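no FASTA, just this:
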DNA sequence: CCCCACGATTGACAAATTCTCATTAATGAC
DNA sequence: GTCATTAATGAGAATTTGTCAATCGTGGGG
């Protein structure tokens, strides 16, 4: 929480030794370092997801990774940076899950349903990670790096798909795709939270959210699709 | 972050002195104490909203309130408890804003529109407070007190209204009101975040979200209302 | 008014945590 | 093998959190 110390995240890449060509990228040294960083990230993930941000200390992360406390600071400036790195990794994974699940899905409601299925599976296998990834990082620290949050990525992806659907007349054209996409992401987040804390079945949850969105997006005068009815 | 010290939040109310009747509730002492707590809460609000949770320290809150650090711990067990108290107060205020705005609104889309207007006004006059109130407290600390979050309160209120609307045939009856209510709260949250960070006008935002929800909830075969069309 | 008991607040400092950096260990080029 | 460089270590400096003895403010009784 002091001014930024020199860490790996700030250092320029090693340009090589005065006497020879750059280090081989696959060298044991580089691999060892990458492995250490990975261990720290894994430990951070475990602790942030189970204890929450507040109760997780840098010394805990280092210990969980079976490393010295000083090593933590070689890789991250502070706890907050470790948290941001964790949610960045989680966001990437989640986008990958959604992409994989979307294979073969063409209509909007199919894409939404498969995304929800994927997110639910993820949330079940890794409690706490999804909600951390969906969290508004600005509440934890006022200055948020410019990288895109999970919400933004998901909303961008949805907005593109929606715009495409609008252009083809598959979806009502009189919405701002970006606004609606962000709204749907908010809904997805809420559904995941709801699924984790209420007795509603997953199928029921997915059905409600999917029907809701499909109906909202339905082109007027067009016969309802299966997803819009029950 | 150690085990709970004795604070005001843990103490039983003073039962009076051994020699006489209980202290008068309106006494200067009681008023002074309440004022001190209020000053701490105001300071906490200012700092949490502008700096974020991480960079706000108990000593900062005490200083901002022009009080000694020890006084902070007489009122709150730790930083986290002060944060929870802040978002609790904010949630109450926000529910009040929404209630006041809803006066005279009967149809769902009217209620939603006025709620959004109220929230946007609030967000504009107090940056950072709304997003903190909407945040998932479980990301900050794993153990969240049983009090209802802003999301839950808003969703409960919406679910009651929706259920009522369904019973009267004003809204499609084949949704789980609670699931949909939570989803709409997620949408509201996303709209507020979007409004704070994008160039979309407020009217456009409200129109998109309101139309989206109104269409999703429309009773089949019923003529569209004004809010469902553009 | 004074006295006294009790509750509210203070701030020095003990305890805990964060972070630095001299030292040690591992790597890789020659 | 030697030597320079990079990665990791952990003691301890710096900072923050939280405690508690001392002080201040209040209120009741004489």
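Right, received. Where do you want to start? If you're wondering where the values come from, they're calculated on a predicted model, not measured in any experiment.

rest of the way, CA atoms for contacts and neighbours
Fine.

Give me the pLDDT value at the residue positioned nearest the centre of chain A.
For chain A, residue A:91 is the residue whose C-alpha lies nearest the centre (CA atoms, centre = their mean; 1.9 Å). On pLDDT, residue A:91 comes in at 96.

what does the helix or strand containing it contact?
Element membership of residue A:91 [criterion: DSSP states H and E] is helix A:79-102. Here helix A:79-102 makes contact (CA atoms under 8 Å, 6 or more residues apart in numbering or on different chains) with A:41, A:44-45, A:48, A:53, A:57-58, A:76, A:110-111, A:114-115, A:118-119, A:122, A:129-130, A:132-133, A:141, A:149-150, A:153-154, B:54.

and the gap between the residue nearest to the centre of chain A and residue A:132?
Using CA to CA, to the nearest Å, we find residue A:91 at a distance of 10 Å from residue A:132.

Residue A:150 - nearest residue in space that isn't next to it in sequence?
Leaving aside its sequence neighbours, residue A:150 sits nearest to residue A:91 (CA to CA, 6 or more residues apart in numbering or on different chains; 5.0 Å).

typo on my end, residue A:176
Residue A:176 sits nearest to residue B:208 (CA to CA, 6+ apart), 6.8 Å away.

Run the angle between the host helix or strand of the one you found and helix A:202-217 for me.
Here residue B:208 sits within helix B:202-217, counting by DSSP H and E. Using axes from the mean of the first three to the mean of the last three CA atoms, to 10 degrees, the direction of helix B:202-217 lies 120 degrees away from that of helix A:202-217.

Any idea how many residues pack against whatever residue of chain A ends up closest to DNA strand D?
Of all residues in chain A, residue A:70 sits closest to DNA strand D, with a separation of 2.9 Å (CA to the nearest atom of the strand). The number of residues packed near residue A:70 is 11, by other CA atoms under 10 Å in any protein chain shown.

Ok, residue A:31 next?
The tally of other residues near residue A:31 (other CA under 10 Å) stands at 12.

can you check residue A:163 too?
Neighbour count for residue A:163, taken as other CA under 10 Å: 20.

Could you do residue A:179 as well?
23.

Tell me how many other residues surround residue A:137.
If we define neighbours as other CA under 10 Å, then residue A:137 has 23 of them.

swap in residue A:172?
For residue A:172, the tally of surrounding residues (other CA under 10 Å) stands at 18.

likewise the one 10 residues further on?
A count of neighbours around residue A:182, defined by other CA under 10 Å, yields 27.

what does the model give it for pLDDT?
For residue A:182, the predicted pLDDT is 96.

And it, how close does it get to residue A:84?
As judged by CA to CA, residue A:182 and residue A:84 stand 21 Å apart.

check whether the helix holding residue A:91 contacts DNA strand C.
Yes. Judged by CA under 7 Å from any atom of the strand, helix A:79-102 comes into contact with DNA strand C through residue A:79.

moving C-terminal of that helix, what's the next helix or strand?
helix A:108-125.

neighbouring contacts of that following helix?
Residues outside helix A:108-125 that contact it (CA under 8 Å, 6+ apart) are A:94, A:97-99, A:101-102, A:105, A:129-130, A:161-162, A:165, A:188, A:192, A:195, A:202, A:206-207, A:210-211, A:213-214, A:227.
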